[in-house]
Structure formats: structure tokens, C-alpha cells
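1. Attaching a predicted model along with its sequence, questions to come.
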Amino acid sequence: MDDRISKLQWAFLEKHIQASKLDYYQQQKVSLKGKFTDNAEDVEAIDQCLKEWSLKEVLHGEDGSKPYRCHCGKRIRHLYVVQHTTKDVTLHLGSTCFKSYVGINAEMVEKVKASNEVLIAEKEEIIGLYEVGYIEEQKFLLDYEALDKDFREQLDIGLPLSRRQEKLAYQELDIEDKGLLVTRRDLIRSMSREQLIRMNSLTIEGRRTIIARLVDGRILGVLDEVLAAAPELFSNRKTPTVDGGNRLESRLIEGFKTNDHLSQEERIGHHYEGIATLIQMVDYGVVAPSVLVKVASALLSESQRSYWLGHTSAGQKRELSRHILLNSHMVSPEVILGYKNLPKDIVGQIMLRLPLTEIQYNRLQDYLKQGKD
């Protein structure tokens, strides 16, 4: 879990970006032309082998050369350095001995390792783009009805697409006017983050109309004035309303109660689209922040709700409601084991599995840096 993003966002990356090893085995068996059978038990055996042995390094000699020596003494071109995950054993093996010791072809392990490294790098890229606020630009440029469901879902929970994903998104959308797209990109990148957020609060039709006028230069330089008038300009479109916000609030509360046999994280996962929409409506001033407090309260147990309502200020409740709904700013009780003199409010919230405010989170980090007393 990466504390730079919420648990919900991390879970999405784990599910959609970090492909499972078994899925990867199934894909690679075809390209490896029968080196592995289609028997499920064989795939499970492969998985077990990789749990026992870790590939640390791969060295390949030039064609015709055998610069390395296997554990058995044989001269080899390809060297695989493997380490046992529970025993203090490191071996330097050729491909034949690799299969004897590990129980799986070295070529397969190398492919799996390379694939996992690429996927881990892509997750880190997405988190990096998230930290610099790249999401607003992508949400505007990629807000099309034909966008891939997983891409739209990723943007909806506040995570930008990687460069690879973004390229695929545009390929799938098959946008004909590539020149106009470049012009729009340049124009959007000249906008401030606040302007982009306001642009993205409009309907799809409204955003496209505004950007078309900006590209034509007819309203260039008066963007803020146009954005201020945008809700009136597009009042005939389907825009968020207070009534819509209230209905969404009721649906979320009812959904949380209906699924109270599930964990908080699971209930959040089932309703993440509605949660994201409600938070967006609060950010754009459509509904009051108190709505989030009511909805977040419906997720809590009796002990959590009692503490939250009795030990936090109105401002803290508003901030914590977001963290509760996004499952963010959570700290495991194990983190504070052995630390004395920690603030009671921080300890109380952590022990009850409640999130911390930004101020509390920063205070905790300062205490942890000081070490155990």
C-alpha cells in the first residue's frame, strides 16, 4: 500500500495494472509453444516454485560464447542467479540446472520477472502523474463516451492514465482531426489547474463548446468570465442539481446499510462511482459539505460513530468524512506500537480504525521520526 494515494485507488491499480502471475503464465504458454501444458495443476506448481525461488539476476553472453560457469561446473552462455526465499541459498545456474533446482523453465521465470518490473514501473508512473495534478487535463481531453470502461473508471476515482494507457485511449477513440487535438492539448496545458477543474465541472457538451471557442480565439483571454457564466450558458443540459445530490446521498446511505455485512472497504468499493460524484458535487458547490458527513457516518460502526461525533470539531468532521469515504489517511495500529506520549486524539482514532486529518497525520510523522521513548 502506497500512502500517496487512497486504498481505493491502490486497489484499482493492483487489480487493473498489476496483472496476476497466473494470468501471465496462461498468456505465455502459447508463445512458449508447448513447453507447458494447459493443466491447471501445472500452473499452480509453477506459482509455488516462484514462491520458493527468487530470480535475482540474469546475464547473457554474446552469441557463440560461454563466459559463465554453472553450479554443476559446466560452461554456459546464459547465467541465472537464484535465491531461495526461506533458506540462505544462492545458486548460479544454467537453464538446464535451473529447471532441475527450481522446477520450471528459466525462460518463463525471466519473462515473468520482466513483465512484473514493467507493471510496477507503470504503477509508479501513474502515482507520479497523480502527485503533480495531471488528472484534470486528462479528464478533459479523454472525456468521451467511447472511452474504454477501465480507463474511464480510473479517471473517475482520480487517477491519471500512464503514457502507455493514454496512447491506447486515443487509438481506441480514433480521433480523426489529429491537428485539432494537438491544438487543444497546447491550449489546455496553458490553463491553470483551477481553470481546468472548473472546465471539468461542466457537461461534456459545455466543455467542448468552450474549448472550440477558445481554439477559434473568439473568447481567448476571458476564460474565467466565460467559465463563471458557463452554468447559465448550458442550463438546458443535464447539470448536477441539489435534488440530484440529495437523491445520491440517500442512495449511498441506503446502500451502505443494505451491505452492512461487508467491510467498510468493500462497501466503498461497491459505491465508489457514487462517492466520487458526490464529492465532486460538493467541490463544485452544488451541495453542502455536510452531506459528506452524513454519508460517511453511515459507513461507521457504533463505536466509531460515537467517537467521531463526540471527539472531533465540525471542520475535522468535514475533512475526515472525505477520508472515510475514500478510505485514505488510515494508519495501522501496528505502526504506533511501542511509542509513548502520542497525542490521545491520534491514538484514539487509529485504534478505532478511523482516518487522521492532514494536521494529525503530519504530527504523527513528527512523533515517529523522534523514535520510541
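-> In hand now; what should we look at?

2. Domain ranges for this structure, per the record?
-> The chain breaks down by automatic domain parsing into domains covering 7-126, 132-233, 242-370.

3. and Gln83, which of the three is it?
-> Following DSSP: H, G, I helix; E, B strand; the rest coil, the label given to Gln83 is strand.

4. Am I right that Leu91 is in a strand?
-> Yes: per three-state DSSP, Leu91 lies within a strand segment.

5. which residue ranges form the strands in this protein?
-> Assignment of strands within the chain using DSSP state E yields the ranges 53-60, 68-69, 75-76, 78-84, 90-93.

6. Where among those strands is average confidence lowest?
-> Ranked by mean pLDDT, the strands of the chain bottom out at strand 53-60, with a mean of 79.

7. buried stuff in that strand?
-> Residues of strand 53-60 classed as buried: Trp53, Leu55 (neighbour count, 16 or more other C-beta atoms under 10 Å). C-beta coordinates here come from the backbone N, C-alpha and C atoms, glycine included.

8. That strand to strand 78-84, inter-axis angle?
-> Our comparison of strand 53-60 with strand 78-84, counting by axes from the mean of the first three to the mean of the last three C-alpha atoms, to 10 degrees, yields an angle of 160 degrees.

9. Now for Gln154, how many residues are close by?
-> 25 (other C-beta atoms under 10 Å).

10. repeat for Lys139
-> Counted with other C-beta under 10 Å, Lys139 comes out at 20.

11. Contact partners for it?
-> Counting by C-beta atoms under 8 Å, 6 or more residues apart in numbering, Lys139 touches Leu155, Asn200.

12. Mind doing that once more with 10 Å?
-> Going by C-beta atoms under 10 Å, 6 or more residues apart in numbering, Lys139 touches Arg152, Leu155, Asp156, Gly158, Pro160, Leu161, Leu196, Ile197, Met199, Asn200, Arg207.

13. Okay, and which of those residues map to helices?
-> Arg152, Leu155, Asp156, Leu196, Ile197, Met199, Asn200, Arg207 (DSSP state H).

14. Was I right to think the first one contacts Ala169?
-> Yes: under the criterion of C-beta atoms under 10 Å, Arg152 makes contact with Ala169 at 9.4 Å.

15. more crowded one of these two?
-> Ala169 (22 against 17).

16. For the more buried one, give me its contacts.
-> So Ala169 contacts 138, 141-142, 144, 146-148, 151-152, 154-155, 161, 175 (C-beta under 10 Å, 6+ apart).

17. now Gln264
-> Lys7, Phe256, Leu299, Leu300, Ser301, Gln304, Ile324, Leu325, Asn327, Met330, Arg353.

18. The same query, at a cut-off of 8 Å, please.
-> Gln264 touches Leu299, Leu300, Ile324, Asn327, Arg353, counting by C-beta under 8 Å, 6+ apart.

19. I'd like to know how far the second one sits from Leu309.
-> When C-beta to C-beta, to the nearest Å is the yardstick, Leu300 and Leu309 sit 9 Å from each other.

20. what ranges of the stretch 101-250 of the chain fall below the confidence cut-off?
-> Residue ranges of the stretch 101-250 of the chain with pLDDT under 70: 109, 112-117, 119, 143-145, 174-184, 201, 203-205, 208, 213, 215-243.

21. quick one, helices of it?
-> 106-131, 135-141, 149-156, 163-173, 178-189, 193-200, 204-216, 223-233, 242-258 (DSSP state H, counting those that start in this stretch).

22. Now do the shortest one: distance to the chain's middle.
-> What it means is helix 135-141. Remark: helix 135-141 is offset 16 Å from the chain centroid, using C-alpha atoms, centre = their mean, to the nearest Å.

23. Please verify my assumption that Leu173 contacts Phe151.
-> No: look at Leu173 against Phe151 with C-beta atoms under 8 Å: they stay out of range, at 9.8 Å.

24. hang on, isn't Tyr101 packed against Thr90?
-> No: the pair Tyr101 / Thr90 is not scored as a contact, 11.4 Å apart, by C-beta under 8 Å.

25. Not counting residues beside it along the chain, what's closest to Glu136?
-> Leu196 (3.8 Å; C-beta to C-beta, 6 or more residues apart in numbering).

26. contacting residues around the one you found?
-> With C-beta under 8 Å, 6+ apart, Leu196 has these contacts: Glu136, Glu137, Phe140, Ile188.

27. Contacts only, for the third one.
-> Under the criterion of C-beta under 8 Å, 6+ apart, the contact list for Phe140 reads Ile188, Leu196, Met199, Asn200, Arg207, Ile211.
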